[in-house]
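Trainee: The sequence and its predicted three-dimensional model are supplied below.
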Number of protein chains: 4
Amino acid sequence: MANSATINPKERVHTAIKDIKAAAPHTAIAGVSGYAGGELASLLLHHPRFIGAAPTFIGRAGEAEATTWLEDLHPQLATAGNRRTHQILPFNWEQIVDLKIEVLFLATPHEQSREWVPKAIEHGIKVIDLSGAWRLQHDANRAVYRLKDTNPAHAAALQAEAIYGCPELHRDRIRQARLVANPGCYATSNILALAPLLQAGLVDVEHGIVCDSKSGVSGAGKAATAITHFMHAADNLSAYAVFGHRHTGEFLEQLHLEAGQIQFTPHLLPIPRGILSTIYLRFKHSTDAAAVSTIFGDFYQDSPMVRLHPTPHLPEIQHAVRTSYCDLGFALAPDGKRLLVVSVLDNLLKGAAGQAVQNLNLMCGWNEEEGLL
Amino acid sequence: MANSATINPKERVHTAIKDIKAAAPHTAIAGVSGYAGGELASLLLHHPRFIGAAPTFIGRAGEAEATTWLEDLHPQLATAGNRRTHQILPFNWEQIVDLKIEVLFLATPHEQSREWVPKAIEHGIKVIDLSGAWRLQHDANRAVYRLKDTNPAHAAALQAEAIYGCPELHRDRIRQARLVANPGCYATSNILALAPLLQAGLVDVEHGIVCDSKSGVSGAGKAATAITHFMHAADNLSAYAVFGHRHTGEFLEQLHLEAGQIQFTPHLLPIPRGILSTIYLRFKHSTDAAAVSTIFGDFYQDSPMVRLHPTPHLPEIQHAVRTSYCDLGFALAPDGKRLLVVSVLDNLLKGAAGQAVQNLNLMCGWNEEEGLL
Amino acid sequence: MANSATINPKERVHTAIKDIKAAAPHTAIAGVSGYAGGELASLLLHHPRFIGAAPTFIGRAGEAEATTWLEDLHPQLATAGNRRTHQILPFNWEQIVDLKIEVLFLATPHEQSREWVPKAIEHGIKVIDLSGAWRLQHDANRAVYRLKDTNPAHAAALQAEAIYGCPELHRDRIRQARLVANPGCYATSNILALAPLLQAGLVDVEHGIVCDSKSGVSGAGKAATAITHFMHAADNLSAYAVFGHRHTGEFLEQLHLEAGQIQFTPHLLPIPRGILSTIYLRFKHSTDAAAVSTIFGDFYQDSPMVRLHPTPHLPEIQHAVRTSYCDLGFALAPDGKRLLVVSVLDNLLKGAAGQAVQNLNLMCGWNEEEGLL
Amino acid sequence: MANSATINPKERVHTAIKDIKAAAPHTAIAGVSGYAGGELASLLLHHPRFIGAAPTFIGRAGEAEATTWLEDLHPQLATAGNRRTHQILPFNWEQIVDLKIEVLFLATPHEQSREWVPKAIEHGIKVIDLSGAWRLQHDANRAVYRLKDTNPAHAAALQAEAIYGCPELHRDRIRQARLVANPGCYATSNILALAPLLQAGLVDVEHGIVCDSKSGVSGAGKAATAITHFMHAADNLSAYAVFGHRHTGEFLEQLHLEAGQIQFTPHLLPIPRGILSTIYLRFKHSTDAAAVSTIFGDFYQDSPMVRLHPTPHLPEIQHAVRTSYCDLGFALAPDGKRLLVVSVLDNLLKGAAGQAVQNLNLMCGWNEEEGLL
């Protein structure tokens, strides 16, 4: 740790700028100390377009001002020899401008994202925001985040322009977007399971849909709390935020449902990562499994990050963890009317950093799956 | 291990008989090598009525004939000094008769239970059977077990007489029973959550009820399989037996529902023990939380093994694991019509051995909760 | 929660006093909100001498002053019906006096224990202290706790009088003690493994002894930190406090060793509870396994809470977890000189609360194992 | 699964041959259904030299003869669309020859490896064997595997030629090797920690070295046994194979030690993967930490797969899991004589498949770390 003190801060910035090459846009990740930020750093450091063009890494507000190193926070990213290659710059808006960043990932709390996004767009910087700040178009749905805008009119205009970063639903609009609101992990899991069936008009939405989701502890964030203490989380399972989880608004807006038509219950699983959602719905008319398979197959035929299991095989959390895939499977009741869908993904990858890279790929005109397989 | 060879087999039986005192009936546990059998042994060894009157322990069919010791199979039950106090007798019907057993617990596979119960009843031995062999009255529901009866007429008569061993539903009949069919773990979890509401006539059963249950790995039994391998079970979650789990018949018969009115999905949790069921239903008419609390409170006011959480507090698996309680909590949607119930228990205790002791207590005229707190 | 507000605080105290019966001394547990305090509460509530004589429960300094309930902090201790039976009184010295407590358990931080013990002894209250404050006789060893005494002379006198609460070593002195310093969990694990061999004079202490211990996360306490976060503790193993753990002084004083003769390395295991210590030592002369067995057997022949495994069987953490036993086993190298001892216990029971009850039993003239089997 | 039946077996082989391109040698993995074989498949499928040149995948003896698919055994390797891309050929020597394999990985039991290696070498096929069959030069050490050779003279010659596949020790000889015996996971962990110190002549080997290793459950293999059952492995820790683990011979031969100079105790950790070894040794003379750092730094300065932690920082299992690194750290006692080394690696990667690819890279003249970062 002694040697970090011997490097002049200006030299550090200079080194960081030198690292950015032409092939990929100048990219920065703010909030790299969190779980999603760390995964994003790992993905981009191994992304073929970023070889020799490592992104700039920025910490979180409130973290010690002294420059730290990515390898100290995420030791598994170190290489042999001099372990410290990637410095983390302080959380500071001026620096973003000075560094001439072209694409900015925000893995920051939603208040921070709401504040920085207007500044970034003004400077011509494209943003992929991993927080919940820009995902919801309806004020009533967004109210749960209690966001305050310095310039409400500007914020409203940006909000209207923001694209919900689910490539399987909005691929073309993401390609043109300046501001992509990366979806929530629970929302991704359930929306990808339901969108094909709802679009096909098969589902009896008046009957109601049940989404019973179970998530690993990384979904609860890096803060040390009574909830994330090993003694509480291990050997346990608990439901929480019943009838009131913040991701519910994403379900409603993306699936064009009304409150009361979908019921979502998250649970905390005693595992580090992964989400499995068990989804219950009813068809308007009796149908057969082949028809359901066709609906899913057609919907996802050009989607490299969704894997379909042949019925009645259902995906398990282990299949998708540490991948950027969403795995889907289903089983149809003998009456042909009651359907169970199981959706599995890694909450830090397809539920966060992997999907963010998928969006970046689209925005850069690259193949959607680059750096994700 | 050498010293076990020096004891004459007849002496062993003699010693076992001497251990049985007047206060408690002569009791035997067959199948003590499994998880439920081991828990049952532990409960009875610590039960105040069985001090100095340890039950007789019997193995499973197919296990090595050589006598083994309870403390070798379940080392946590050993005491200091001479560790081997309780021998396990071979699985052998003649021995049951010779030992003049009065109450027999069967923690055996269902085929074995189906074979032994008629013999036991003929000899005037009362039985508490932990398998699925005698739980279901309707042949169609019981067909899933593929049971074969030597004397079908006798078996049918016994089946009609068998009491489903859920004390909260059938307390009075259990007190008089000769044959108690101890409920399944998943069935107990969901039936205790639903019975009060269904009895009150509030539930829109035509709409359908969803029971999404998650169980620890001990529920999958002691057999070493690809499913129970640590590498599969750890850091994972998977749904199984969708639309077809064997416990479903118990739901239907005990709750007076028809197939299609209830949908049950079990999942395998990466923890040793515990079940959490998340249950979704709809009321016929809008109601309020106080009314729901009253329904649960009235139904369970004389039930010492059910604990009610005040809404909106929901039980977690840790609360009930290693107890013989079933913990219940609920949350009502703002519309007053959609109800979520969470039910938690230890699958080896309230879901198996603890409930079996509760039934024994009733059959002996003791307090229902003796030896369980 | 509303009903707690309707009880007059004085009535609460009155009720608490009424609960204390003649058979057991008036007992209080201070620090009942922590893991060891909670286990102690559970043990005493189920202890046969305390039936109808529940101890008084006291919180920790700095916790909210409003009275809370034991069942809210430790939900698994609740009973059916009115769940709240045992209140937790605020942390307040005057109350101890007013309640005429006769035996006080301190499950408090060491600074607090150092402050309260002199007060308690002055009032004729016997103390069993679970902290590290009074365990070490040598100032140099105790320096690691940075304790400050209001009355140093008085503290020194009390320190000289304090008995190290390891019943297997100091049974007779504990019976007469006013102040028992309950041993550390790591210390108990290693001292019980080594004391018989050292006393027998077999060990080449100049060669050095290695104690490689691994502990579950409850040993790190209830505070939510980066260390106890599920994401750090799960699927991990780490060594810590190398060459400097605070329990080392206990090893030295109790085993009459010098620094450098024993090397202790603790590790954090990804499990809730349990310690396994792997101990490596060398004999002065070649010996055989039977002789080693005899040494252990003789030393522990009157110790109900130590279980010896016949060599070469070694105990595993599962054998001892949720018991108050220490399990010991050993293997001797073919050369007859190198010995490996494995010692297993539950850090919250034999390593804390269980051992404290064992000490209480001795101080009360009861059987050492009462309430612990 | 139905569609696999519609493909003609010959066509399958043909397709497999077509897949093999010029850039990489024709490579096959036998035993791809096990954990190490699966990791090896994953590494080569993502290795830059194998893009468009997937290896041939071969099952294990005794597995069903019907061709299966890699993606069915290891679902996380599937891609979207047609999930089945890589077939697994039956375990059959003739096929190896027909396919003109140039490099053969054997992730097979040691008996199988001992039988196939002579055949492969005869056909000019280079072999990297992950079993223990060829690691040990001394007959006495190898006796533990009870190997039988059809042609003992030929086997002895091959044995003498076999290179122990630890690149950090034998880099140059591996480059020229026809037969590489990939090291054991425990052996790699401890040898990499000790080799620099022993080579420097600092260690008092007469005093003895203690290697206390802890491994995740994947090290116990894919067979479902009482040991690998979740109920045994979870929430547990156990020592095994005390004074007699098969890897001990590798320690002795590679470190030039005699039996009795090193004591190795493996433990089973309740985690899927990862090994942490805590190593205790004594220096001949007092030294300082800087000198120890220099010894490690010099020894590993050209080793891209070993990461050194600056003292007193010690690596944790999480740092190295799912990487192909070995992480090393140390702490020196105040006396300058007693040293503790902590060595961490992923038993399936640096302890098996990752090291095998490192050896392949050397044998092909590529950079040692290709496909491993």
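Mentor: Looks like it came in fine.

Trainee: ok, how many other residues are close to A:Pro223?
Mentor: Residue A:223: Ala, not Pro. Applying other C-beta atoms under 10 Å in any protein chain shown, we find 11 residues neighbouring A:Ala223. C-beta here means a position set from N, CA and C on the backbone, and glycine is covered the same way.

Trainee: Tell me the spacing between it and A:Ile317.
Mentor: From A:Ala223 across to A:Ile317, the span is 23 Å (C-beta to C-beta, to the nearest Å).

Trainee: likewise A:Val32?
Mentor: Remark: distance between A:Val32 and A:Ile317 (C-beta to C-beta) = 26 Å.

Trainee: What ranges does the stretch 151-300 of chain A have for its strands?
Mentor: With strands called from DSSP state E, counting those that start in this stretch, the stretch 151-300 of chain A shows them at A:163-164, A:179-181, A:209-215, A:238-239, A:262-268, A:275-282.

Trainee: May I have the strands that pair with the last one, each with its orientation?
Mentor: This means strand A:275-282. Strand pairing for strand A:275-282, determined by DSSP bridges: strand A:209-215 (antiparallel), strand A:338-345 (antiparallel).

Trainee: could I get the ones you listed as TSV with mean pLDDT and mean neighbour count?
Mentor: Shown next, in TSV, are those (pLDDT from 0 to 100; neighbours: other C-beta atoms under 10 Å in any protein chain shown):
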stretch	mean pLDDT	mean neighbour count
strand A:209-215	98	25
strand A:338-345	98	26
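
Trainee: what does the stretch 1-150 of chain A put close to chain C?
Mentor: A:Tyr35 (C-beta under 8 Å from any C-beta of the partner chain).

Trainee: what helix or strand is the residue in the stretch 1-150 of chain A that chain B sits nearest to on?
Mentor: Residue nearest to chain B within the stretch 1-150 of chain A: A:Ala140 (13.8 Å; C-beta to the nearest C-beta). Element membership for A:Ala140, per DSSP states H and E: helix A:139-142.

Trainee: What helices and strands are in contact with that helix?
Mentor: helix A:248-255 (3 or more C-beta pairs under 8 Å, 6 or more residues apart in numbering or on different chains; DSSP states H and E).

Trainee: From chain D, how far off is the nearest residue to A:His267 once chain neighbours are set aside?
Mentor: Counting by C-beta to C-beta, 6 or more residues apart in numbering or on different chains, A:Lys214 is the residue found nearest to A:His267 once chain neighbours are left out, at 4.4 Å. In this structure, A:Lys214 and chain D are 18 Å apart, going by C-beta to the nearest C-beta, to the nearest Å.

Trainee: check contacts around A:Lys214.
Mentor: Going by C-beta atoms under 8 Å, 6 or more residues apart in numbering or on different chains, A:Lys214 touches A:Leu237, A:Pro266, A:His267, A:Leu268, A:Leu269, A:Ile275, A:Leu276, A:Ser277, B:Lys214, B:Leu237, B:His267.

Trainee: coming back round to it: how many other residues sit next to the residue of the stretch 1-150 of chain A closest to chain B?
Mentor: By other C-beta under 10 Å, neighbour count at A:Ala140 equals 10.

Trainee: confidence score at it?
Mentor: Looking at A:Ala140, its pLDDT is 93.

Trainee: how close does it get to A:Ala259?
Mentor: 9 Å.

Trainee: Then A:Val341?
Mentor: Per C-beta to C-beta, A:Val341 is found 21 Å from A:Ala259.

Trainee: before we move on, what about A:Ile29?
Mentor: 35 Å.

Trainee: again with A:Val292
Mentor: Distance from A:Val292 to A:Ala259, by C-beta to C-beta: 26 Å.

Trainee: Would you map the helices across chain A?
Mentor: A:9-19, A:35-45, A:70-73, A:93-98, A:110-122, A:139-142, A:152-161, A:167-175, A:185-199, A:230-233, A:248-255, A:289-299, A:317-320, A:354-363 (DSSP state H).

Trainee: Out of those helices, which is closest to B:Asp302?
Mentor: With C-beta to C-beta as the criterion, B:Asp302 lies closest to helix A:230-233 of the helices of chain A, at 32.8 Å.

Trainee: Determine the set of other helices and strands touching the closest one.
Mentor: Using 3+ C-beta pairs under 8 Å, 6+ apart, helix A:230-233 sits against helix C:230-233.

Trainee: what's next to the helix it packs on, contact-wise?
Mentor: With contact meaning C-beta under 8 Å, 6+ apart, helix C:230-233 is reached by A:35, A:217-218, A:222, A:228-230, A:233-234, A:270, A:272, C:217, C:226-227, C:268, C:270, D:318.

Trainee: Which of the strands paired with strand A:275-282 sits closest to A:Ala78?
Mentor: Proximity to A:Ala78, assessed across the strands paired with strand A:275-282 by C-beta to C-beta, is greatest for strand A:338-345 (27.6 Å).

Trainee: got the CA coordinates for that closest one in CSV?
Mentor: Provided in CSV are the C-alpha atoms of strand A:338-345 (Å, rounded to 0.1, in the frame of the first residue of the first chain):
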residue,chain,number,x,y,z
ARG,A,338,-52.8,-23.2,-15.9
LEU,A,339,-49.2,-22.4,-16.8
LEU,A,340,-46.1,-22.4,-14.6
VAL,A,341,-43.0,-20.6,-15.9
VAL,A,342,-39.6,-20.7,-14.2
SER,A,343,-37.2,-17.9,-15.0
VAL,A,344,-33.6,-18.0,-13.8
LEU,A,345,-30.8,-15.4,-14.1
